[in-house]
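Asker: The following comprises the amino acid sequence and a computationally predicted model.
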Amino acid sequence: MGSCSFNRGFRFYGEYEAEQSRYRIQLISQGYVKPGDDLAESAFALVQFCPAEQSSGKAFRIRLTAAPRQWNKVDSDDLAISSTEWNWRTSQGWLKEALSQAGYRDIAEEELKGSVRVIGSSLAGPKGVILKGQTKSLIVRRADIVYGYKVMKDRPQREWIGSSELPSCSTY
């Protein structure tokens with residue numbers, strides 16, 4: 001098996017709704033789990049926030065990257081907020097600032113925590129993603145895992161998911 005090894009690759013499609021805070025999360029993550037491991041060390045996620053009805057917020061996207069022996073990284077081209085590590089210390093504050101910049105108001109603390117959890121967990125692979133019945137703070141609209149997904153390990157993680165693969169909020 002060369003650098004294009006496909007075994008244990010995954011792709012996850014998730015859609016969640018923060019009913020009280022009036023936003024939806026759509027995401028696609030992709031990565032691979034090394035033989036003998038339960039969770040992925042290498043993964044990439046494209047995440048989109050969409051305003052729900054009567055929301056003051058606007059749509060925006062963020063990207064998360066997981067690499068072995070490093071903190072996960074988060075960045076966005078849609079917001080004036082610097083890229084940073086996405087970990088237990090930084091993720092909640094970063095996401096709250098991102099939502100605020102995008103015009104979302106009155107963010108419910110439990111929904112913010114739940115959003116951080118579903119986004120971060122999407123990088124972990126099939127055993128880490130949040131499925132229906134595994135969260136009380138968000139409504140799970142979709143949680144589909146594709147096993148054995150072809151992952152081109154020799155390409156940069158940002159190339160694993162094309163931005164056009166995640167439909168815009170208006171086509172949601």
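Answerer: Cool, got the structure.
Asker: Going by C-alpha atoms from here, please, whenever you check contacts or count neighbours.
Answerer: Will do.
Asker: any idea whether Cys50 is helix, strand or coil?
Answerer: Of the three states, Cys50 takes strand under DSSP: H, G, I helix; E, B strand; the rest coil.
Asker: hmm, who's touching stretch 28-45?
Answerer: The contact list for stretch 28-45 (Cα atoms under 8 Å, 6 or more residues apart in numbering) reads 7-14, 27, 46-47, 63-69, 122-128, 151, 157-158, 160-161, 166.
Asker: Which secondary structure state does Lys96 sit in?
Answerer: On the basis of three-state DSSP, Lys96 is classed as helix.
Asker: one step back: filter the contacts of stretch 28-45 down to the ones in strands?
Answerer: Counting by DSSP state E, these place 9-14, 27, 46-47, 63-66 in strands.
Asker: Let me have the residues you listed in TSV, extended by pLDDT, neighbour count and distance to Ser137.
Answerer: Supplementary listing: these in TSV, determined by pLDDT from 0 to 100; neighbours: other Cα atoms under 10 Å; distance: Cα to Cα, whole Å:
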residue	pLDDT	neighbour count	distance to Ser137
Gly9	91	24	29
Phe10	93	24	26
Arg11	94	26	24
Phe12	95	22	20
Tyr13	96	18	19
Gly14	96	22	15
Leu27	96	26	17
Leu46	96	24	21
Val47	97	23	18
Arg63	95	19	22
Leu64	95	25	22
Thr65	94	25	24
Ala66	93	23	25
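Asker: From those, pick the one nearest Arg142.
Answerer: Of all the ones in strands among the contacts of stretch 28-45, Arg142 sits closest to Gly14, with 5.1 Å by Cα to Cα.
Asker: Pick out the residue nearest the middle of the chain.
Answerer: Nearest residue to the geometric centre of the chain (Cα atoms, centre = their mean): Ile119, 3.7 Å.
Asker: ok so it is a helix residue?
Answerer: Yes: assessed by three-state DSSP, Ile119 belongs to a helix.
Asker: tell me which residues of stretch 82-101 are tucked away?
Answerer: Glu85, Trp86, Ser91, Gln92, Trp94, Leu95, Lys96, Glu97, Ala98, Leu99, Gln101 (16 or more other Cα atoms under 10 Å).
Asker: Pull the residues that contact that stretch.
Answerer: 57, 64, 71-76, 79-81, 105, 107, 112-113, 116, 120.
Asker: again, only this time at 10 Å
Answerer: Contacts with stretch 82-101, where a contact means Cα atoms under 10 Å, 6 or more residues apart in numbering, come from 21, 23, 49, 57-66, 70-81, 102-107, 109, 112-117, 119-120.
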